[in-house]
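Engineer: sequence plus the predicted model coming up.
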Amino acid sequence: MAVARRRLHPAGPDLSALVWGAWRALNDARTDTPAGLAAMIDACLASGITSFDHAAVYGGYRTEALFGAALKEWKGARTSIEIVTKCGISAVSPQRPETRVKHYDASAAAIRASVDRSLLNFGTDYLDLLLIHRPDPFMDADDTARGLDDVLAAGKVRAIGVSNFAPAQLSLLQSRLARPLVTNQVQFSLSHVAPLFDGTFDQAQETRAAPMVWSPLGGGRLLATDDEATGHLAGVLDAMAARYGVEPMTLALAWVLAHPVGALPVIGTASAARVQTLARATSLMLDRQDWFALLEAARGMPVP
């Protein structure tokens, strides 16, 4: 079954309900070459996944260029996919010899420079969505907003958002912008349920900005039956998945998708077969009590 599309915000853009993440692309022999990554793009498209998540810093600043080379190998239409990338992290790397210490830089100049490098890496003239990767404790909200406004006005970026921002941090930046921040990409899974309780998902519903979700399967730890912290949850997932007739990982992803905030999970598998397995989650209707049963297993206690 093909993955459907979801609108991040009333102002757009539309992305696929599952997003393929390139964070580990260089760490797997199946995706660490242009040809292998082009094959993964085809595998994603075959399941209806058209959106691809990146960050300037991924792969030691090398993954964007790898994806750009894969796009040349793939030779598909740029308009048939959506490219999401992030800026704002300055890591110590041979690719950035001027960086002495890891830091964040959400200044207007840094945003403009990062966007230009990303466009060159991808071999495209626009990004569908640009996110500020991490909240910058040295951020001047007016200056950051100017940078975002500049890349929007130049047509280099079509929509903007943030990643890993607390509600107050997002509100501050939004107060300086005329255009909406269309998403906050945050960590959320059965092993990390904080957004349900710290105001993140409340704000997302208030602003109608669907969150993107990284590590929606807890880095695979959810299924580790020999792990004391997750063993009980894995057992509950196994039993419930058998009842639904799906794989436990599919059920865990369906749990993320079921929440009315309308989250878009970012999946990082390098397996075409696993892409198909996970795509089934988008059509799985999870019973409310089963959703709470999994939350209870994840937290180790019932709701109050």
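Structural biologist: Right, received. Where do you want to start?
Engineer: which residues of the stretch 1-150 of the chain fall in helices?
Structural biologist: According to DSSP state H, counting those that start in this stretch, the stretch 1-150 of the chain carries its helices in the segments 34-46, 58-61, 63-74, 108-122, 141-153.
Engineer: nearest to residue 244, of the ones you listed?
Structural biologist: Proximity to residue 244 (Cβ to Cβ) singles out helix 34-46 among those, at 23.5 Å. C-beta: built from backbone N, CA, C; applies to glycine.
Engineer: pull out the buried residues from stretch 140-157.
Structural biologist: 141, 143-152, 156-157 (16 or more other Cβ atoms under 10 Å).
Engineer: A strand includes residue 246, no?
Structural biologist: No - under DSSP: H, G, I helix; E, B strand; the rest coil, residue 246 falls outside any strand and is assigned coil.
Engineer: next one: it from residue 90, what distance?
Structural biologist: 42 Å (Cβ to Cβ, to the nearest Å).
Engineer: over to residue 145?
Structural biologist: 20 Å.
Engineer: likewise residue 134?
Structural biologist: In terms of Cβ to Cβ, residue 134 sits 10 Å off from residue 90.
Engineer: mind listing the shared neighbours of these two?
Structural biologist: Common contacts of residue 134 and residue 90, defined by Cβ atoms under 8 Å, 6 or more residues apart in numbering, comprise residue 104.
Engineer: and of the buried residues of stretch 140-157, the nearest to residue 108?
Structural biologist: Using Cβ to Cβ, those come closest to residue 108 at residue 147, 3.2 Å.
Engineer: now do the closest one against residue 288, distance only.
Structural biologist: With distances taken as Cβ to Cβ, residue 147 is found 43 Å from residue 288.
Engineer: same question for residue 156.
Structural biologist: 43 Å.
Engineer: what does residue 217 give?
Structural biologist: For residue 217 relative to residue 288 (Cβ to Cβ), the value is 22 Å.
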